[in-house]
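Chemist: Give me a model of this one.
(chains A, B and C)
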Amino acid sequence: MGVSVEIHSDFGYVVLVIVATWVLLNWLGLQVVKARRKYEVQYPLMYCTDTFGDGQMFNCIQRAHQNTLEVYPVTLVLLIFGGLEFPKVSALCGVVWIISRVVYAQGYYTGDPAKRTRGVFGYAGLLVLLINTIIFALDILDFV
Amino acid sequence: MGVSVEIHSDFGYVVLVIVATWVLLNWLGLQVVKARRKYEVQYPLMYCTDTFGDGQMFNCIQRAHQNTLEVYPVTLVLLIFGGLEFPKVSALCGVVWIISRVVYAQGYYTGDPAKRTRGVFGYAGLLVLLINTIIFALDILDFV
Amino acid sequence: MGVSVEIHSDFGYVVLVIVATWVLLNWLGLQVVKARRKYEVQYPLMYCTDTFGDGQMFNCIQRAHQNTLEVYPVTLVLLIFGGLEFPKVSALCGVVWIISRVVYAQGYYTGDPAKRTRGVFGYAGLLVLLINTIIFALDILDFV
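Modeler: Numbers count the residues shown, from 1 in each chain, chains lettered A, B, ... in the order given. This next block holds a predicted model:
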């Protein structure tokens, strides 16, 4: 009943992409730290109550980080299991996702939340990871 | 010293449950998007400062999503390691957890935060996953 | 092309440390629940709008939990992949990280956000986990 899941050597690329997501999160977090200084938003305040001008600007920078954190765990797990099936394609999808989150953040950083949608192409990467994960599941279940 | 962890074929069910958690998160997120339109809450605002009426309603819908995101990473990791030991039971616990989060959200969506506790049975699933994870750890440490 | 990743028996320690992170998150969450009662902050409100006195105190307690949740997923994944390469060292780094988050929280709980930085030593543990993860990736890619 057991299946021996031999990890493909290329899975190393998936792990390196995971390391790159760590860089992404740190970059996003650093923008918030810098925005705290610039707009004088003290800890532990998360969002400014002024929702215009500087307050709006700070909240946009904060949200770009927070929204990425919200989708991060599910992205990671799909990257890992999708990567066990198709490591190279999945690693590439991970890179697309990382780039999309930078573009998303840059859009949000304009202060116009609508521009965050420029990063929408990241969902394409996520969708492929989802499909790869389903194929991995069916594969070890011996359906495919 | 090394142990060969042969993945049981049934672990595929665990992976499919993880895919189902992706559906859950998207459903919860969609409710927030719809609530933003209905109650006219603009991005990047996370919570309404009015904590009564429509503002309270929106905040309840937002919190149902956010609270699920808070417990999601630890749930995932217990599901995965618990699932390596007992895949079928762990997959079932994952399904119980997903259902509990829908019930939790439906309770929260009434606008009365106390009703979110209807989803408390999800902790039973989580507890079994925790026990399965501990058994997995002791198993590969050769204690059991 | 495939590499057989034999899990070291000591990886069980890594899994036990993951179980310990579950205890940490529950402890941090419990402090928020107690603070909600003490300072009479009703659900679904996340942060007090009063950013001084009791409101400031509550927000500090809330942030100690939330900030830990923000860094948790990436910590977990580095602990897991770093742990596949060097299980004992990585488990130890996980313990250091857990202790650092308790110290961080205790600092934040003083009501003076600056004191949260006492937990900064946790980054040392995280950095070692990052290096272990990179070595794991290069190892299965056959670079080292």
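Chemist: Can you name every helix or strand that the biggest helix by length in chain A contacts?
Modeler: Criterion DSSP state H: the longest helix present in chain A is helix A:53-85. If contacts are counted by 3 or more Cβ pairs under 8 Å, 6 or more residues apart in numbering or on different chains; DSSP states H and E, helix A:53-85 sits against helix A:11-39, helix A:87-108, helix A:122-140, helix B:11-39, helix B:53-85, helix C:53-85. In this view, the C-beta of every residue, glycine as well, is placed from N, C-alpha and C.
Chemist: wait, does the second one contact chain B?
Modeler: The reference is to helix A:87-108. Yes - judged by Cβ under 8 Å from any Cβ of the partner chain, helix A:87-108 comes into contact with chain B at residue A:108.
Chemist: Quick check: phi and psi at the closest residue to residue A:59 other than its chain neighbours.
Modeler: Nearest residue to residue A:59 in three dimensions, chain neighbours excluded: residue B:44, at 4.5 Å (Cβ to Cβ, 6 or more residues apart in numbering or on different chains). Main-chain torsions, residue B:44, degrees, to the nearest 10: phi -90, psi 20.
Chemist: Stretch A:116-132 and chain C in contact?
Modeler: No - Stretch A:116-132 is not in contact with chain C by Cβ under 8 Å from any Cβ; minimum separation 14.7 Å.
Chemist: State the mean pLDDT of that stretch.
Modeler: The average pLDDT within stretch A:116-132 is 97.
Chemist: from the middle of its chain, how far away would it be?
Modeler: Here stretch A:116-132 is found 10 Å from its chain centre; the criterion is Cα atoms, centre = their mean, to the nearest Å.
Chemist: Can you point out the buried residues in that stretch?
Modeler: The neighbour-count check on stretch A:116-132 (16 or more other Cβ atoms under 10 Å in any protein chain shown) flags A:116, A:119, A:122, A:125-126, A:128-132 as buried.
Chemist: Could I get the pLDDT score of residue A:142?
Modeler: pLDDT recorded at residue A:142 is 87.
Chemist: I figured it was touching residue B:9, is that so?
Modeler: Yes - Residue A:142 lies in contact with residue B:9 (Cβ atoms under 8 Å); the separation is 6.0 Å.
Chemist: More neighbours: which of those two?
Modeler: Each of residue A:142 and residue B:9 has its neighbours counted (other Cβ atoms under 10 Å in any protein chain shown); residue B:9 has more, 15 against 10.
Chemist: Could you list which residues are in contact with residue A:28?
Modeler: By Cβ atoms under 8 Å, 6 or more residues apart in numbering or on different chains, residue A:28 lies in contact with A:64-65, A:68, A:101, A:105.
Chemist: Next: residue A:27.
Modeler: Residue A:27 is in contact with residue A:102, counting by Cβ under 8 Å, 6+ apart.
Chemist: now it: how far from residue A:21?
Modeler: As judged by Cβ to Cβ, to the nearest Å, residue A:27 and residue A:21 stand 11 Å apart.
Chemist: Are any of the contacts of residue A:28 buried, and if so which?
Modeler: A:64-65, A:68, A:101, A:105.
Chemist: Kindly reformat the residues you listed as CSV containing pLDDT.
Modeler: Listed next are these as CSV, based on pLDDT from 0 to 100:
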residue, pLDDT
A:64, 98
A:65, 98
A:68, 98
A:101, 98
A:105, 98
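Chemist: from these, which is closest to chain C?
Modeler: Comparing the buried ones among the contacts of residue A:28 against chain C with Cβ to the nearest Cβ picks out residue A:65 as the nearest, at 8.4 Å.
Chemist: Residue C:55 versus residue A:82, what's the distance?
Modeler: With distances taken as Cβ to Cβ, residue A:82 is found 44 Å from residue C:55.
Chemist: Please apply the same query to residue A:90.
Modeler: Look at residue A:90 and residue C:55: by Cβ to Cβ, they are 45 Å apart.
Chemist: okay, the two: which has more neighbours?
Modeler: residue A:90 (28 against 15).
Chemist: does the more buried one really touch residue A:135, like I thought?
Modeler: No - judged on Cβ under 8 Å, residue A:90 makes no contact with residue A:135 at a distance of 10.7 Å.
Chemist: Helix, strand or coil: sort out residue A:50 for me.
Modeler: Using DSSP: H, G, I helix; E, B strand; the rest coil, the structure places residue A:50 in coil.
Chemist: For burial, what's the neighbour tally of it?
Modeler: With other Cβ under 10 Å as criterion, residue A:50 counts 12.
Chemist: Might you report the residue contacts of the residue nearest to residue A:59?
Modeler: A:47, A:56, A:59-60, A:62-63, A:108, A:113.
Chemist: repeat that with 6 Å
Modeler: The contact partners of residue B:44, by Cβ atoms under 6 Å, 6 or more residues apart in numbering or on different chains, come to A:59-60, A:63, A:113.
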